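Chemist: return atomic coordinates for the entry below.
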Amino acid sequence: MQTGEAVTIVRGEEELLARTSHLFATATDVACAANDLFTWQAAHRAEGLAAERPPRGAATVRKVYRSGVLLDPVAARHIKLLRDRYGAQVRITTDEINETIVLDRRLVILAGDVQAGRRSYSVITQPEAVQGVTSLFDAAWRSATDLAVFDARLAEIRAMAPQVLDLLSQGVKDESAARAMGMGVRTYRRRVAELMAALGAESRFQAGVRARELGLV
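Modeler: Purely as a prediction, here's the structure:
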């Protein structure tokens, strides 16, 4: 562990859990941004421990996830469980996000890089830094889409993904592909862009690779 002024660097999930589980147990406002379910495994365990304790009053829990997480059926079920059973507010974004947890707007946990099989985490209590990170989270939250709305959109994308990806893999021009799918060119291009965003892809080729990895094609 390395400690600086109002910043503690924690090495590994076990140490993070040991240092923060009591904070999760008493927090009344929890905000979390993550690309997937793996970055914050220790935090999920802390939340689980807190849930087993006697009720401490209503807590506000907001979670923002990258859209690609919904393409994993197991992860999608877990996220919906957080919403339906534990009352978490969940939104989905296609933008890049900083993986962050904010507790009671007084403490921030930032996920760092993985080195030698262990991820580092920065635990920050410096008020100005906490305020700045909280503002960034709030902005990401406002621009994200409610889980139910995004999931309905993604269901449509899932249904059309094989056909679109097949057309893309064949190098079919957008005009011809749009006709094949019975839609306008602008609508087709928008669907392709939505599919790429849902897959977390920056190019059509990358979208095809990612879709194959996820078993969509």
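Chemist: tell me what the helix or strand hosting residue 8 is packed against?
Modeler: Using DSSP states H and E, residue 8 falls within strand 7-11. On a contact count with 3 or more C-beta pairs under 8 Å, 6 or more residues apart in numbering; DSSP states H and E, strand 7-11 meets strand 2-4, helix 13-26, strand 118-124. Placement of C-beta: from N, CA and C, glycine included.
Chemist: of the ones you listed, which is nearest residue 37?
Modeler: Closest to residue 37 of the helices and strands packed on strand 7-11 is helix 13-26 (C-beta to C-beta; 12.9 Å).
Chemist: next helix or strand past that closest one?
Modeler: Counting by DSSP H and E, the next helix or strand C-terminal to helix 13-26 is strand 29-34.
Chemist: can I get the lengthiest helix in the chain as PDB, trimmed to CA atoms?
Modeler: Longest helix of the chain, by residue count under DSSP state H: helix 147-169. The C-alpha trace of helix 147-169 is given here as PDB (Å, rounded to 0.1, in the frame of the first residue of the first chain):
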ATOM      1  CA  LEU A 147     -31.500   0.300 -18.900                       C
ATOM      2  CA  ALA A 148     -35.000  -0.600 -19.900                       C
ATOM      3  CA  VAL A 149     -34.900   1.800 -22.800                       C
ATOM      4  CA  PHE A 150     -31.500   0.700 -24.000                       C
ATOM      5  CA  ASP A 151     -32.300  -3.000 -23.600                       C
ATOM      6  CA  ALA A 152     -35.400  -2.700 -25.800                       C
ATOM      7  CA  ARG A 153     -33.300  -1.000 -28.400                       C
ATOM      8  CA  LEU A 154     -30.600  -3.700 -28.100                       C
ATOM      9  CA  ALA A 155     -33.200  -6.400 -28.500                       C
ATOM     10  CA  GLU A 156     -33.900  -5.000 -31.900                       C
ATOM     11  CA  ILE A 157     -30.200  -4.800 -32.700                       C
ATOM     12  CA  ARG A 158     -29.700  -8.400 -31.600                       C
ATOM     13  CA  ALA A 159     -32.500  -9.500 -34.000                       C
ATOM     14  CA  MET A 160     -30.900  -7.700 -36.900                       C
ATOM     15  CA  ALA A 161     -27.300  -8.200 -36.000                       C
ATOM     16  CA  PRO A 162     -26.700 -11.400 -38.000                       C
ATOM     17  CA  GLN A 163     -28.100 -10.000 -41.200                       C
ATOM     18  CA  VAL A 164     -26.300  -6.600 -40.900                       C
ATOM     19  CA  LEU A 165     -23.000  -8.300 -40.100                       C
ATOM     20  CA  ASP A 166     -23.500 -10.700 -43.000                       C
ATOM     21  CA  LEU A 167     -24.000  -7.800 -45.300                       C
ATOM     22  CA  LEU A 168     -21.000  -6.000 -43.900                       C
ATOM     23  CA  SER A 169     -18.800  -9.000 -44.200                       C
END
